[in-house]
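In: The sequence and its predicted three-dimensional model are supplied below.
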Amino acid sequence: QSQSQSQSQSQAFHTAKSPILGGLVLASGFVSLLYHSFQSLGNVGIAESLCFVDHGVAMTSFCYFLTRCGIPSLKTLAIGIPSMALLLFPGDSYPVIHSLWHMASAGTTISWAFDGVEKRRKFISDTMQERKGYLVQQVKVPV
């Protein structure tokens, strides 16, 4: 198989079959931007409300990713679990560390989406192999 065929097959798995995944990531980022903006501007009432919206969108995204991409791989968990520790640092360093958390969670999201692509690729490959084996059994002619 040539490299260009391999690349186009690989890209076929990366097409927007689930645009909701990307939409949820963008929505999470937008709500988080609004939340942190109001938080830094000192409007506590709006920031508090947006905090609930932020967490709601994040949990919705988590549930949809879990449904669509399955259980995260060990590689994804190795990125995601330590990144959660970045949320535990209060004080003056919080804004910088929280920004690092946003980058780490974005990396986790990308890794998890690739996990889903790999699971779909394996499912399709296994299904094709099973069908090929079934067809070969059906076509066998007794000698």
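Out: Structure received.

In: Averaging pLDDT per element, find the lowest-scoring helix or strand in this structure.
Out: helix 3-13 (a mean of 47; mean pLDDT, DSSP states H and E).

In: Check which helices and strands the helix or strand hosting Gly116 sits against.
Out: Using DSSP states H and E, the element containing Gly116 is helix 94-139. Helix 94-139 sits against helix 3-13, helix 19-41, helix 44-69, helix 74-85, with contacts defined as 3 or more CB pairs under 8 Å, 6 or more residues apart in numbering; DSSP states H and E. Just so you know, the C-beta spots here come from the backbone N, C-alpha and C atoms, and that holds for glycine as well.

In: Run the angle between that helix and helix 44-69 for me.
Out: 20 degrees (axes from the mean of the first three to the mean of the last three CA atoms, to 10 degrees).

In: what's the average pLDDT for helix 94-139?
Out: Taken as a whole, helix 94-139 has a mean pLDDT of 80.

In: what inclination does that helix have with respect to helix 74-85?
Out: 160 degrees.

In: now helix 94-139: how far from the chain's centre is it?
Out: The chain centroid and the centroid of helix 94-139 are separated by 9 Å under CA atoms, centre = their mean, to the nearest Å.

In: from now on call the first residue 407
Out: Let's use 407 as the start, then, which means that last one is helix 500-545.

In: Give the buried residues for stretch 443-455.
Out: Phe444, Gln445, Ala453 (16 or more other CB atoms under 10 Å).

In: Just give me the closest of the residues you listed to Ala491.
Out: Gln445 (21.2 Å; CB to CB).
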